[in-house]
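**Student:** Model the structure of this input:
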Amino acid sequence: MRIALVSLAAVAAAAVATPAIANEVRVEARGGVIWDGSDSDAVAGVAAGYDYDLGDKLFIGVQGSADKVLASDTRVSWGVGGRIGAKVLPGTKLYGVAGWQSKFCRYCNSAVGVGGGVQQDVGQRYYVKAEYQHLLVGDHTPDADVGLVGVGVKF
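**Tutor:** Next up, the predicted model:
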């Protein structure tokens with residue numbers, strides 16, 4: 001988790017050094033719940049991404065993340081993915097998300113996640129968000145679901 005925080009801090013420092021543009025770099029802390037048919041556990045993590053405007057109403061973005069299930073015998077899961085969405089109101093983004101993430105534990109499988117979310121600006125630089133993903137695990141392992149809420153800063 002320390003490596004993830006240092007990496008995201010480096011991305012944030014680089015973003016601060018760049019001039020302001022319509023597109024945005026974002027860094028966030030997030031937490032939530034992961035569940036499957038029989039268990040549920042808390043999740044905490046960080047993410048960094050870049051959104052590119054496709055006109056006034058649409059955007060596309062990329063994201064990297066580091067999340068940890070807060071249970072024994074788990075490890076940080078690294079993720080990479082993207083999102084596409086619409087600016088539905090001033091300061092409000094509605095989006096679909098897809099990505100891949102590494103294993104949460106030694107004997108788990110990596111997963112592909114699909115879902116959606118909403119992001120709401122709070123002032124000029126800050127935002128809050130809520131996101132849901134269905135994780136397609138495969139290899140006869142039950143799929144899982146993740147609900148996340150986050151708070152972030154835009155550069």
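**Student:** where's the most centrally placed residue in the chain relative to residue 79, distance?
**Tutor:** By CA atoms, centre = their mean, the chain has its centre lying nearest to residue 47, at 5.2 Å. Distance, residue 47 to residue 79, using CB to CB, to the nearest Å: 8 Å. Quick note: C-beta positions are derived from backbone N, CA and C, even for glycine.
**Student:** list the residues that contact both of the two?
**Tutor:** Any residue near both residue 47 and residue 79 by CB atoms under 8 Å, 6 or more residues apart in numbering counts here, and that gives 63, 64, 65, 66.
**Student:** Let me know how buried the last one is, in neighbour terms.
**Tutor:** Same thing as residue 66. By other CB atoms under 10 Å, the residues close to residue 66 number 21.
**Student:** Specify the beta-bridge partners of it.
**Tutor:** On DSSP bridges, the residues paired with residue 66 through beta bridges are residue 46, residue 78.
**Student:** Point to the helix or strand of the chain where mean pLDDT is at its lowest.
**Tutor:** Within the chain, confidence by mean pLDDT, DSSP states H and E is lowest for helix 2-17 among all helices and strands, at a mean of 44.
**Student:** Quick check: phi and psi at the residue lying farthest from the centre of the chain.
**Tutor:** Going by CA atoms, centre = their mean, the residue of the chain most distant from its centre is residue 140, 25.6 Å out. The phi/psi pair for residue 140 (degrees, to the nearest 10) reads phi 60, psi 20.
**Student:** if I look at it, how far off is residue 146?
**Tutor:** Plainly put, residue 140 is 20 Å away from residue 146 if you go by CB to CB.
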